[in-house]
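# A predicted structure for the sequence below; I have some questions about it.
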2 protein chains.
Amino acid sequence: MADSRPGPLGIVAGSGALPRRLVESCRAAGREVFVLALEGEAEPATVDGVPHAWCRIGAAARGFELLHANAVTELVLAGAVRRPSLSALRPDWRAAKFFARVGYRALGDDGLLSAVIKELEGEGFRVVGVDDLLEADAMLPAGRLGRLQPDARAEADIEHGLRLARAIGALDIGQAVVVQQGLVLGVEAIEGTDGLLRRCAGLRRDGPGGVLVKTAKPGQEQRVDRPTIGVRTVILAAEAGLRGIAAEAGATLILDRAEVIRAANEAGLFVVGVTAP
Amino acid sequence: MADSRPGPLGIVAGSGALPRRLVESCRAAGREVFVLALEGEAEPATVDGVPHAWCRIGAAARGFELLHANAVTELVLAGAVRRPSLSALRPDWRAAKFFARVGYRALGDDGLLSAVIKELEGEGFRVVGVDDLLEADAMLPAGRLGRLQPDARAEADIEHGLRLARAIGALDIGQAVVVQQGLVLGVEAIEGTDGLLRRCAGLRRDGPGGVLVKTAKPGQEQRVDRPTIGVRTVILAAEAGLRGIAAEAGATLILDRAEVIRAANEAGLFVVGVTAP
């Protein structure tokens, strides 16, 4: 596989387990990688024993230089990045030029990511999606993943949550909501799904627990920021007293599928792939 | 005033300072009151030295009995109520009859409140709005309230926040959002505005602080659940590093207006009444 490609795969790495999973998938496939690890986001384990360099998010000129110097022509953006304010970003000349053109504040997350991808393509990189590089079973299928299935009450919460999550996504606010017995316990914004789940632990009502519902934003740039579920999602959902997780089938990445299933079965949670209305 | 009315004003009291403010307004106007204090919600100070009884939210039969026994024919619902799950509500036969008819889970907050008001009217009570009973200056006017005014950057956040808050309201999720430099730091759901502000303290980005934007839900039942701002809102907004508060003019109640202005001026926050698009 390495021979047919012009150089190592460039992995621009944010936080979470996804970038490391990509490194391992590439290794298994015999593909070389170069990781551009984003400071304050990527985890040290991501770059352990892997060709890499650390880079500030606002240092675009240096980032491009590093990628070119390491013969990267194909790129993937992986992992979460907490969007900084423009002042915290401290853009270098290259990033400032980009932001001056696209308007940082004017763009929602999704608009900004699309603009970033266009900029990378303008620099000569081919940008691929995470799901082109992971195993086929990394995408959440329709139906239940583990042993448990939602009952009628949970199904009603899932349906309500799907409608809301799509609307929240269309407003470019976030991807996830938590619904319990018809009540919206929380809506994800900049804090991310883990933050949402942590705070819902203190908001739960008595009776049957709620459901985390996660969908892709309508019209979302598919090469970045895919909804993702991992073992930590299951653990935090259990700690928040939820009964299960429903996410958009065919659009959500499952990290460590076997581990997710084991954790869900152990905690007594369902995990289902659903189709947004 | 007391002579022209058939009996004491019934105040069904939730949490916060509003119910007590009503008690005091009525006293100043020579109107008698009877407070039905909701257990777990109303503050003890609300009923201090006032004819009252405590009642569980789910104990509708007892609540009606108490109101009738105290010759109440005119009612106001005031203060916040954290909506419980149906199981936590432990409805008595009268509440159960009501929920069986309207469907607890099927209704959003606003739909449920409208149904409650209809039910109260069916029981023979006249339900009035809080703003019919408070001083004329309790309603937030358009324009700035204190010394400070938003700058252009804050104005952009207010405009963005208004659009989102209206959309969140239309989905019956909540009334408030916090926006900083175009980023949505948080969306209010069941945790309420105070909870939203507390968690935004940990989510703020560097640079100029954000704005709390609060609006009425489109088509909201005007006799309950009005957006409200008080001194605590100002203090929590300051602690969250916000630069100001914008709320819907002509639809938002200001509790302790003079205190709110003083607290805002001291903390260096603006408070403005704005018109939703």
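Thanks, I have it.

# CA atoms for contacts and neighbours, from now on please.
Will do.

# A:A29: how many residues sit nearby?
Other residues within reach of A:A29 by the criterion other C-alpha atoms under 10 Å in any protein chain shown amount to 12.

# And the pLDDT at it?
What the model reports for A:A29 is a pLDDT of 87.

# Could you do A:S25 as well?
89.

# ok so it is a strand residue?
No: using DSSP: H, G, I helix; E, B strand; the rest coil, the assignment for A:S25 is helix, not a strand.

# so where do the helices sit in the stretch 101-250 of chain A?
With DSSP state H, counting those that start in this stretch as the criterion, the stretch 101-250 of chain A has helices at A:109-122, A:152-170, A:192-200, A:231-239.

# CSV for the ones you listed, including mean neighbour count?
Shown next, in CSV, are these (neighbours: other C-alpha atoms under 10 Å in any protein chain shown):
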stretch, mean neighbour count
helix A:109-122, 17
helix A:152-170, 21
helix A:192-200, 20
helix A:231-239, 20
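
# nearest to chain B, of the ones you listed?
Across those, chain B has its closest neighbour in helix A:152-170 (7.2 Å, C-alpha to the nearest C-alpha).

# Only C-alpha atoms, please: export the closest one in CSV.
In CSV, the C-alpha atoms belonging to helix A:152-170 read as follows (Å, rounded to 0.1, in the frame of the first residue of the first chain):
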residue,chain,number,x,y,z
ALA,A,152,-41.1,2.0,24.1
ARG,A,153,-40.4,4.8,26.6
ALA,A,154,-36.8,5.1,25.5
GLU,A,155,-37.8,5.0,21.9
ALA,A,156,-40.0,8.0,22.5
ASP,A,157,-37.1,9.9,24.1
ILE,A,158,-34.9,8.9,21.1
GLU,A,159,-37.4,10.2,18.6
HIS,A,160,-37.8,13.5,20.5
GLY,A,161,-34.0,13.7,20.9
LEU,A,162,-33.4,13.1,17.2
ARG,A,163,-35.7,15.9,16.2
LEU,A,164,-33.9,18.3,18.7
ALA,A,165,-30.4,17.2,17.8
ARG,A,166,-31.0,17.8,14.1
ALA,A,167,-32.4,21.3,14.9
ILE,A,168,-29.4,22.1,17.2
GLY,A,169,-27.1,20.9,14.5
ALA,A,170,-28.8,23.0,11.9
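
# Can you name every helix or strand that that helix contacts?
Contacts defined by 3 or more C-alpha pairs under 8 Å, 6 or more residues apart in numbering or on different chains; DSSP states H and E place helix A:152-170 against strand A:176-180, strand A:211-214.

# buried stuff in the longest one?
Just to be clear, that refers to strand A:176-180. Neighbour-count burial for strand A:176-180 flags A:176-180 (criterion: 16 or more other C-alpha atoms under 10 Å in any protein chain shown).

# For the residues you listed, which two are the farthest from each other?
A:A176 and A:Q180 (13.5 Å; C-alpha to C-alpha).

# quick one on the thing from earlier: check the buried residues of strand A:176-180 against chain B, which are close?
A:Q180 (C-alpha under 8 Å from any C-alpha of the partner chain).

# if we can go back for a sec, okay if I get the helices of the stretch 101-250 of chain A as JSON lines plus distance to A:W54 and mean pLDDT?
Below are the helices of the stretch 101-250 of chain A laid out as JSON lines (distance: least, C-alpha to C-alpha, whole Å; pLDDT from 0 to 100):
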{"stretch": "helix A:109-122", "distance to A:W54": "18", "mean pLDDT": "85"}
{"stretch": "helix A:152-170", "distance to A:W54": "31", "mean pLDDT": "94"}
{"stretch": "helix A:192-200", "distance to A:W54": "23", "mean pLDDT": "94"}
{"stretch": "helix A:231-239", "distance to A:W54": "25", "mean pLDDT": "96"}
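
# For A:D48, which of those is the nearest?
Within the helices of the stretch 101-250 of chain A, the stretch nearest A:D48 is helix A:231-239; the backing value is 21.1 Å (C-alpha to C-alpha).

# and that closest one, how far out from the chain's middle?
Centroid separation for helix A:231-239 versus its chain: 16 Å, with C-alpha atoms, centre = their mean, to the nearest Å.

# ditto for stretch A:232-246
With C-alpha atoms, centre = their mean, you get 17 Å for stretch A:232-246.

# next one: stretch A:202-217
Worked out by C-alpha atoms, centre = their mean, stretch A:202-217 lies 19 Å from the chain centre.

# next one: stretch A:211-219
Per C-alpha atoms, centre = their mean, the displacement of stretch A:211-219 from the mean C-alpha position of its chain is 11 Å.

# Mind listing what's buried along that stretch?
Neighbour-count burial for stretch A:211-219, counted by 16+ other C-alpha under 10 Å, picks out A:211-218.

# Same check on stretch A:25-43?
Along stretch A:25-43, these residues count as buried under the neighbour rule (16+ other C-alpha under 10 Å): A:26, A:31-39, A:41-43.

# Distance across it, terminal residue to terminal residue?
One end of stretch A:25-43 to the other measures 17 Å (C-alpha to C-alpha, to the nearest Å).

# Among the buried residues of stretch A:211-219, show me the least confident.
Ranked by pLDDT, those bottom out at A:P218, which has 78.

# part of a helix, is A:L77?
No: with three-state DSSP as the criterion, A:L77 is strand rather than part of a helix.

# got a list of what it touches?
A:11-14, A:127, A:129-130, A:223-224 (C-alpha atoms under 8 Å, 6 or more residues apart in numbering or on different chains).

# How about the residues of the stretch 101-250 of chain A by chain B?
A:105-106, A:108, A:164, A:171, A:173, A:180-191, A:203, A:205-207.

# can you count the residues close to the nearest residue to A:A189 once chain neighbours are set aside?
Leaving aside its sequence neighbours, A:A189 sits nearest to A:G174 (C-alpha to C-alpha, 6 or more residues apart in numbering or on different chains; 4.9 Å). A total of 28 residues lie near A:G174 under the criterion other C-alpha under 10 Å.

# Look up how far B:A28 lies from A:G174.
48 Å.

# Give me the distance between A:C26 and A:G250.
Distance of A:C26 to A:G250, computed by C-alpha to C-alpha: 22 Å.

# My error: substitute A:A165 in the last question.
For A:A165, the distance to A:G250 - C-alpha to C-alpha - is 16 Å.

# Also A:N265?
As judged by C-alpha to C-alpha, A:N265 and A:G250 stand 22 Å apart.

# Then A:P208?
Distance, A:P208 to A:G250, using C-alpha to C-alpha: 28 Å.

# same check, this time on A:E155
19 Å.

# in the helix or strand bottoming out on mean pLDDT in chain A, what's buried?
The weakest-scoring helix or strand in chain A, judged by mean pLDDT, DSSP states H and E, is helix A:86-89 (a mean of 77). By neighbour count on 16+ other C-alpha under 10 Å, the buried set for helix A:86-89 is A:86, A:89.

# by contact count, what packs against that helix?
Counting by 3+ C-alpha pairs under 8 Å, 6+ apart, helix A:86-89 packs on no helix or strand.

# rerun that using 10 Å as the cut-off
helix A:93-102 (3 or more C-alpha pairs under 10 Å, 6 or more residues apart in numbering or on different chains; DSSP states H and E).

# what inclination does the helix it packs on have with respect to helix A:109-122?
120 degrees (axes from the mean of the first three to the mean of the last three C-alpha atoms, to 10 degrees).

# contacting residues around helix A:93-102?
A:57-64, A:86, A:89-92, A:103-105, A:111-112, A:115-116, A:119 (C-alpha atoms under 10 Å, 6 or more residues apart in numbering or on different chains).

# if we go to 7 Å?
For helix A:93-102, contacts defined as C-alpha atoms under 7 Å, 6 or more residues apart in numbering or on different chains pick out A:58-61.

# So which of those residues wins on neighbours?
Neighbour tally across the contacts of helix A:93-102 (other C-alpha under 10 Å): the maximum, 21 neighbours, falls on A:G58.

# hmm, back to that, give me the buried subset of the residues of the stretch 101-250 of chain A next to chain B.
A:105, A:108, A:164, A:171, A:173, A:180-191, A:203, A:205.
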